[in-house]
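**Q** no sequence for this one, just the structure:
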């Protein structure tokens, strides 16, 4: 027995047809989620059933070339924040799921679940010639995130964007800081 190697492993059959290039875990109360993204245009949201070797794909999003994903984790004591979208109102509380994904082609996707119904919205962060190779997302609050991007089209620059969801305007807004 070596501490450098896991003693048990499980394999999860997926709906991916291309090589998986990104994974992100999240825990929300007693529920556990996993995002998987492949080299094509598929991002899957998985929920653990009764044990770590049983997973169910809840939703598949057609998101091309995902290079960064971050789950929004809500503190248990956080108040509810109502965010209006074109599809349905979202109550952001500790048991709701929301993640932000950044694609290599310059899109930011906000994906969320309410009453087990998943939906998403997207916005482009730069002109069409933008190629992003690295990104990270930092949630400053339940309504605001910073998105840092870098890539060949930006040279030696790192650009940081402010992402906010404005309940009064019924949309997400993005601006370069």
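**A** Nice, thanks for sending it over. This is a predicted model, so every value here is computed, not measured.

**Q** now residue 37: how far from residue 144?
**A** Distance from residue 37 to residue 144, counting by CB to CB, to the nearest Å: 24 Å. Quick note: C-beta positions are derived from backbone N, CA and C, even for glycine.

**Q** who has more neighbours, these two?
**A** residue 37 (26 against 12; other CB atoms under 10 Å).

**Q** who's in contact with the more buried one?
**A** Residues near residue 37 by CB atoms under 8 Å, 6 or more residues apart in numbering: 20-23, 43-44, 63, 66, 69, 101.

**Q** now those residues as CSV including distance to residue 11 and secondary structure?
**A** Compiled in CSV, those are given as follows (distance: CB to CB, whole Å; DSSP: H, G, I helix; E, B strand; the rest coil):
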residue, distance to residue 11, secondary structure
20, 12, strand
21, 18, strand
22, 18, strand
23, 14, strand
43, 20, strand
44, 15, strand
63, 24, coil
66, 22, strand
69, 22, strand
101, 25, strand
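
**Q** Make a PyMOL selection of the buried ones in those.
**A** In PyMOL syntax, the buried subset of the contacts of residue 37 is picked out as below (16 or more other CB atoms under 10 Å):
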select buried, resi 22+43+44+63+66+69+101
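
**Q** pretty sure residue 149 is touching residue 134, no?
**A** Yes - using CB atoms under 8 Å, residue 149 is in contact with residue 134, at 7.1 Å.

**Q** Compare these two and say which one has the larger neighbour count.
**A** When residue 149 and residue 134 are compared for neighbours, residue 149 comes out ahead with 26 against 14, by other CB under 10 Å.

**Q** Which pLDDT does the model give the more buried one?
**A** Per-residue pLDDT puts residue 149 at 91.

**Q** Next secondary structure element downstream of the helix or strand it falls within?
**A** Per DSSP states H and E, residue 149 falls inside strand 144-150. Sequence-wise, the next helix or strand downstream of strand 144-150 (DSSP H and E) is strand 159-166.

**Q** So which residues of the chain form strands?
**A** Taking DSSP state E, the strands of the chain run over residues 20-28, 31-38, 43-48, 55-61, 66-71, 81-84, 89-92, 97-103, 107-114, 117-124, 134-139, 144-150, 159-166, 171-176.

**Q** Deepest-packed of the ones you listed, please.
**A** Highest mean neighbour count among these (mean count of other CB atoms under 10 Å): strand 97-103, with a mean of 23.
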